[in-house]
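In: Here is my input; please provide its structure:
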Amino acid sequence: MIFDIEQGIKKQAKHPHNIFMVGLGGQLLLGPAAIFLEVGRTGLLLPLVFSLLFFVYSYIRSRGTEHWFVTQHWQLAMRRYKLLYIAYGITLIILTLSWYLGTTIDPSSPQKFLPVALTRIGVMPTVIMLFVCLVLENGGLSMA
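Out: Predicted structure coming up:
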């Protein structure tokens, strides 16, 4: 469907997608920054907290729109946050399992590398979903 939407409204409709993409870029940079700063496993929470800040801002902004076209784009961005947080949930489950195994496995056993492997595997759902959301939001920008 093609709608006749004025330019000012189209610019407002691009705003939620731009905010989401900036948040995704920040999350991609915070992961390696946490590794470089040697923060440890708590450094894995930095991208999540950063993402939550962008989510809260987007949630507040999505409630105050007037035009239906802009509202639809805010809702589209909010649905994509849902996908991202599902991936964060899967990552959290795998990292919790990794942490639990790390506390129960004997350090001298050959299984001592299992928690490290699970940690590296555990972050992949989030990383993959970050890239998927980046592509989806690029499509959302072109729709606006």
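In: CA only for contacts and neighbour counts going forward, please
Out: Fine.
In: Skipping adjacent residues, who's closest to Gln12 in space?
Out: Val70 (6.3 Å; CA to CA, 6 or more residues apart in numbering).
In: Show me the longest helix that occurs in this protein.
Out: helix 68-104 (DSSP state H).
In: And that one, what does it pack against?
Out: Counting contacts by 3 or more CA pairs under 8 Å, 6 or more residues apart in numbering; DSSP states H and E, helix 68-104 is packed against helix 7-36, helix 45-62, helix 114-122, helix 124-143.
In: Next, format these as JSON lines and append distance to Ile94 and mean neighbour count.
Out: What follows is those, written out as JSON lines (distance: least, CA to CA, whole Å; neighbours: other CA atoms under 10 Å):
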{"stretch": "helix 7-36", "distance to Ile94": "17", "mean neighbour count": "17"}
{"stretch": "helix 45-62", "distance to Ile94": "14", "mean neighbour count": "16"}
{"stretch": "helix 114-122", "distance to Ile94": "5", "mean neighbour count": "17"}
{"stretch": "helix 124-143", "distance to Ile94": "10", "mean neighbour count": "17"}
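In: roughly how far apart are the spatially most central residue of the chain and Val22?
Out: What sits nearest the mean C-alpha location of the chain, by CA atoms, centre = their mean, is Leu84, with 4.5 Å. Distance of Leu84 to Val22, given as CA to CA, to the nearest Å: 14 Å.
In: sec struct for the residue in the chain sticking out farthest from the centre, please.
Out: Taking CA atoms, centre = their mean, the residue of the chain most remote from its mean C-alpha position is Ser108, at 36.6 Å. Secondary structure state of Ser108, per DSSP: H, G, I helix; E, B strand; the rest coil, is coil.
In: For it, give me phi and psi.
Out: phi -90, psi -10 (degrees, to the nearest 10).
In: Distance across stretch 104-115, terminal residue to terminal residue?
Out: For stretch 104-115, the end-to-end distance is 10 Å (CA to CA).
In: how about that stretch: buried residues?
Out: Within stretch 104-115, the residues that qualify as buried are 112, 115, counting by 16 or more other CA atoms under 10 Å.
In: ok, and what's touching it?
Out: 98-99, 101-102 (CA atoms under 8 Å, 6 or more residues apart in numbering).
In: do you know how far Asp106 is from Phe113?
Out: Distance from Asp106 to Phe113, by CA to CA: 11 Å.
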